[in-house]
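1. Sequence plus the predicted model coming up.
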Amino acid sequence: MDYILIYFIGMAAMTLGTLAGGGGLITMPAMLLMGIPIHSVLGAGKISTTVSSFSTFMTVLLKKQVTFRESFWIIPLSLMGGFTGGFIATRLTESTLYMVAVILLIFALLTSFLSKVDFSGEENLRPTKVAVPGLLGIGVYDGMFGPGQGTLLLYLFGHLRIAYIRAIGFSRLATFSSGFGAAISYISMGKVMWPIAFALMAGSLSGAQIGVRLAERLNPRHVKIVLRIVTIALIIQLIINSFI
């Protein structure tokens, strides 16, 4: 029965994660309440997110809303960031991880209120002086901890004036790459509980397809509102978790 529950946790988390990031709002507290150690939760999350994110990217790619030529450079940056972050995470305390997450999300939230970006831009993705360090830094954060990583990516692509559905495709490719790098670190450290990881991955694959189809119907002008709600919820959850 626990594995069935984990499947639905994965499905709900990836549906939300695809639309606005913040899948950790669901997976993190639910799996911790089930008594699963935090590093095992993170390891299972990285493996499931890696696979489901790739499936989302392929869906957007096959619909010709993004091209691989435009986005291939995301892979080495996010892969390096994720591997580095995963290595760092195994050497940090939980309280430090929570503090880093809260600081980053508060910064993203404040930036969103100052920015006028509404995800209706039509710019092409290029390796600029903002995009490169942004993707690398978020990749490190994803490997290190992760909750809100998808939300931070959407903020970044919104700032770069990338249209919403394209931003989702690029975000999922970056998540796949950083998640793959982080997953290697967690696997090598023996932090993965494989039955849990497979159940979460199956649910995440279903949620990824639901999310990308819902995203096609979401008005870009409403995306910022959804992102802010998810960001505030993440901040509150992380602050609460840090005191439990």
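-> Received it, and whenever you're ready, just let me know what you need.
2. Against residue 237, how distant is residue 32?
-> For residue 32, the distance to residue 237 (CB to CB, to the nearest Å) stands at 11 Å. Placement of C-beta: from N, CA and C, glycine included.
3. Of those two, which one has the most company?
-> Ranked by neighbour count (other CB atoms under 10 Å), residue 32 and residue 237 place residue 237 first, with 22 against 14.
4. List the contacts of the more buried one.
-> Neighbour list for residue 237: 25, 28, 29, 147 [criterion: CB atoms under 8 Å, 6 or more residues apart in numbering].
5. Weed out the non-buried ones from those residues.
-> Among those, the ones that count as buried by 16 or more other CB atoms under 10 Å are 25, 28, 29, 147.
6. The residue positioned nearest the centre of the chain - nearest residue in space that isn't next to it in sequence?
-> Central residue of the chain (CA atoms, centre = their mean): residue 150, 3.1 Å from the mean position. Leaving out its chain neighbours, the residue that sits closest to residue 150 by CB to CB, 6 or more residues apart in numbering is residue 21, at 2.9 Å.
7. Surely that neighbour touches residue 153?
-> Yes. With contacts counted by CB atoms under 8 Å, residue 21 reaches residue 153, the gap being 6.7 Å.
8. list the residues that contact both of these two?
-> residue 171.
9. Just to check, residue 112 is in contact with residue 156?
-> No. Using CB under 8 Å, residue 112 is not in contact with residue 156; the gap is 11.2 Å.
10. between the two, which one's more packed in?
-> Set residue 112 next to residue 156 and count neighbours by other CB under 10 Å: residue 156 wins out with 22 against 19.
11. give me every residue that touches that one.
-> 130, 131, 134, 135, 138.
12. pretty sure residue 61 contacts residue 68?
-> Yes. Residue 61 lies in contact with residue 68 (CB under 8 Å); the separation is 6.6 Å.
13. Those two - which one has more neighbours?
-> Between residue 61 and residue 68, counted using other CB under 10 Å, residue 61 has the larger neighbour count: 16 against 10.
14. so how far is residue 241 from that one?
-> Counting by CB to CB - residue 61 and residue 241 are separated by 35 Å.
15. ditto for residue 179
-> Taking CB to CB as the measure, residue 179 falls 21 Å from residue 241.
16. ok, those two, which is more surrounded?
-> The neighbour comparison of residue 179 against residue 241 (other CB under 10 Å) goes to residue 179, with 30 against 19.
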